[in-house]
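Colleague: sequence and predicted model, in that order:
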Amino acid sequence: MSQFNQPISGNDLARFSGPNTFMRLPAADSLAGLDVAVLGVPMDIGTSWRSGTRFGPKQIRAESAMIRPYNMATLAAPFDSLQIADIGDLAINTFSLADSLRIIKESYDAILAQGVTPVAMGGDHSITLPILRAIAARRGPVALVHVDAHADINDEMFGERETHGTVFRRAHEEGLIVPDKTFQVGIRGSGYAASDFAEARDWGFRQFPAWDLWQQNLTEIGAQIRKTVGDHPVYISFDIDSLDPAYAPGTGTPEIGGLTTPQALQLIHALGGMNVVGCDLVEVSPPYDPSGNTALTAANLLFELLCILPGVTLR
């Protein structure tokens, strides 16, 4: 018997039954012995348009039951060399964004103190700021791969400085990320001024707008990112609205003209080999996802992210 946790096979227990954990992995009450912790952050009080991402982790888990443990495209077998479990949802304060961000930061401090790599299911994108605070406190500023329709560099929203649209300005100001190793892929849409994205470029962020990526294979861009980052610790934050609404309609702030699902896979595959210290998949809003396709896509992208973590076996 394998010493590593394995998802329950669909040949042993029908996929429409069993535990509501990610990929039907074991649930863990303790971090002891884990290499990777999958967790939910069921929060949408940081969003500015359509709510519903508080239901994201539950729906992503439900749709993940279909995923099998081996990656046929990359030959990655994450469950054969890493001890991975679902540690459940963080107990955020649904009435207070500020307190929720504190809870996330303190929870991540505890996870990282055990040497466990965290993989989060959001929740809105505001969850990434306290995650970066915790990681940077332990490792120093990290490289960042930010896949999103939006740059999320507003100074404030309705007078608030910590929201889903201000995350990466705060991260830059607080020195949590390395500016010339920060990449924003898939940004697009309308803006308030022609300079909306330019400020981040002035900080050193490298941007790949969606309109420059239409019809392109993203393997080369992923290779460029990997080469620039080198072995520096890197965090990956993947907003599902980076995909075109045709592929992922169930999100809070959809923008047309986005990435395709194959492009998302090309990018993640090309990032393999980097020193990934954590990642998240955010902004899945099940109320706008009646078919479940957005959550299904999100679950598969999370599996792909597991497949590029350091130490994953290739079969």
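Modeller: It's in.
Colleague: quick one, helices of this protein?
Modeller: 56-63, 97-113, 128-139, 167-173, 198-203, 219-229, 261-270, 293-306 (DSSP state H).
Colleague: including distance to R315, mean neighbour count and mean pLDDT, could these go into JSON lines?
Modeller: All C-beta atoms are positioned from the backbone trio N, CA, C, and that covers glycine. As requested, the helices of the chain are arranged in JSON lines below (distance: least, CB to CB, whole Å; neighbours: other CB atoms under 10 Å; pLDDT from 0 to 100):
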{"stretch": "helix 56-63", "distance to R315": "25", "mean neighbour count": "24", "mean pLDDT": "98"}
{"stretch": "helix 97-113", "distance to R315": "28", "mean neighbour count": "18", "mean pLDDT": "97"}
{"stretch": "helix 128-139", "distance to R315": "30", "mean neighbour count": "21", "mean pLDDT": "98"}
{"stretch": "helix 167-173", "distance to R315": "36", "mean neighbour count": "23", "mean pLDDT": "97"}
{"stretch": "helix 198-203", "distance to R315": "40", "mean neighbour count": "14", "mean pLDDT": "93"}
{"stretch": "helix 219-229", "distance to R315": "21", "mean neighbour count": "16", "mean pLDDT": "98"}
{"stretch": "helix 261-270", "distance to R315": "15", "mean neighbour count": "20", "mean pLDDT": "98"}
{"stretch": "helix 293-306", "distance to R315": "14", "mean neighbour count": "23", "mean pLDDT": "98"}
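Colleague: nearest to I236, of those helices?
Modeller: When the helices of the chain are compared by CB to CB, helix 293-306 sits nearest I236, at 6.4 Å.
Colleague: what angle do that closest one and helix 261-270 make?
Modeller: The directions of helix 293-306 and helix 261-270 differ by 20 degrees, with axes from the mean of the first three to the mean of the last three CA atoms, to 10 degrees as the criterion.
Colleague: and helix 293-306, what does it pack onto?
Modeller: helix 56-63, strand 117-122, strand 234-239, helix 261-270, strand 276-282 (3 or more CB pairs under 8 Å, 6 or more residues apart in numbering; DSSP states H and E).
Colleague: give me the contact list for the fourth one.
Modeller: By that I understand helix 261-270. Helix 261-270 has contacts (CB atoms under 8 Å, 6 or more residues apart in numbering) with 73-74, 147, 185, 213, 216-223, 225-226, 238, 242-243, 247, 259, 297, 301, 304-305, 307-308.
Colleague: got it, and the first one?
Modeller: Here helix 56-63 makes contact (CB under 8 Å, 6+ apart) with 20-22, 40-42, 86, 89, 121-123, 281-286, 289, 292, 295-296, 298-299, 302.
Colleague: quick check: angle from that helix to helix 293-306?
Modeller: Going by the same axes, to 10 degrees, helix 56-63 is angled at 80 degrees with respect to helix 293-306.
Colleague: run the chain-centre distance for helix 56-63.
Modeller: Distance of helix 56-63 from the chain centroid (CA atoms, centre = their mean, to the nearest Å) equals 14 Å.
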